[in-house]
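1. only geometry, no sequence info:
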DNA sequence: AGCACGATTAACT
DNA sequence: GTTAATCGTGCTC
């Protein structure tokens, strides 16, 4: 039986949280119904020292959620169109988070198709802005507590993804970020989507 | 007030 | 692989 990930899950080193979120299930409750998918791609963003992290700007109106306690959502707007979702990690005062970059849809397919059906199905939730659109995630969910019992956005434990299915690469989209941060292998990808859905069904 | 840029996407060559 | 779209944010003047 899947359970909602507790605050202590997020209160760990961000690279570990990013790795361990692979295979977990992102769940959005809307109109009393579940829209969900298995997390298959994440990225770690690690504080003010990490020049790829928004926290490099310090504590501002926008970055304030990053400085809060772990287990809350940092949802921000970018490129004039897109909302991106990041569970906050580490204790309050340490501005770190994990960007969820892709999921495999498992529940609420009709709702997802209604929002993403103009694109071919493989592209419904294969990007951070796409999955936010698919699940109806926007700025209203910024600072939402992912661990609260009545939360309409949370993450459930899944079956762990074995290391042989996990690859790491540099983070995406950091065009003007200097080295070494631009190239650090802080992106985690669960390969072989078919195998992952099989894992879930076996669970 | 103005400006450069962005943790992207979709469409195109 | 390349590029336009689009607007909030943070910084400078």
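-> Cool, got the structure. Just so it is clear, the structure is predicted and the values come from calculations on it, not from any experiment.
2. what does chain A put close to DNA strand B?
-> Contacts of chain A with DNA strand B, taken as C-beta under 7 Å from any atom of the strand, map to A:43, A:45, A:52-55, A:66, A:74, A:78-82, A:84, A:86, A:97, A:99, A:101, A:116, A:118-119, A:123, A:127-131, A:171-177. (C-beta placed from N, C-alpha, C; glycine too.)
3. pLDDT score for the residue in chain A positioned nearest to DNA strand B?
-> Across chain A, no residue is closer to DNA strand B than residue A:173, which sits at 1.8 Å (C-beta to the nearest atom of the strand). If you check residue A:173, the pLDDT there is 97.
4. so where is chain A shaky, pLDDT-wise?
-> Chain A contains residues with pLDDT under 70 at A:192-203.
5. the longest strand belonging to it near DNA strand C at all?
-> Counting residues, the longest strand found in chain A (DSSP state E) is strand A:33-46. No - residues of strand A:33-46 are not located near DNA strand C by C-beta under 7 Å from any atom of the strand, the shortest gap being 14.2 Å.
6. remind me which helix or strand the residue nearest in space to the middle of chain A belongs to.
-> A centroid search over chain A (C-alpha atoms, centre = their mean) returns residue A:100, at 2.1 Å, as the residue closest to the centre. Element membership for residue A:100, per DSSP states H and E: strand A:96-107.
7. can you show me the helices along chain A?
-> With DSSP state H, the ranges of helices along chain A come out as A:7-10, A:14-21, A:109-116, A:128-135, A:193-202.
8. let's have the ones you listed in a markdown table, adding mean neighbour count.
-> Shown next, in a markdown table, are these (neighbours: other C-beta atoms under 10 Å):
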| stretch | mean neighbour count |
| --- | --- |
| helix A:7-10 | 18 |
| helix A:14-21 | 22 |
| helix A:109-116 | 16 |
| helix A:128-135 | 23 |
| helix A:193-202 | 14 |
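9. determine which of those approaches residue A:166 most closely.
-> helix A:14-21 (6.9 Å; C-beta to C-beta).
10. residue A:119: how many residues sit nearby?
-> Neighbourhood size, residue A:119 [other C-beta atoms under 10 Å]: 14.
11. now do the one 3 residues further on
-> As a burial measure, the neighbour count of residue A:122 was computed by other C-beta under 10 Å and equals 8.
12. residue A:91 versus the closest residue in space to residue A:2 that isn't next to it in sequence, what's the distance?
-> Among residues not flanking residue A:2 along the chain, residue A:156 sits closest, at 3.9 Å (C-beta to C-beta, 6 or more residues apart in numbering). For residue A:156, the distance to residue A:91 equals 23 Å [C-beta to C-beta, to the nearest Å].
13. tell me which of these two has more neighbours.
-> residue A:156 (15 against 11).
14. pretty sure that one contacts residue A:6?
-> No - applying C-beta atoms under 8 Å, one finds residue A:156 not in contact with residue A:6, separated by 11.2 Å.
15. who's residue A:4 bridged to?
-> Residue A:4 forms beta bridges with residue A:156, as assigned by DSSP bridges.
16. give the contact list for it.
-> Residues near residue A:4 by C-beta atoms under 8 Å, 6 or more residues apart in numbering: A:147, A:149, A:154-156.
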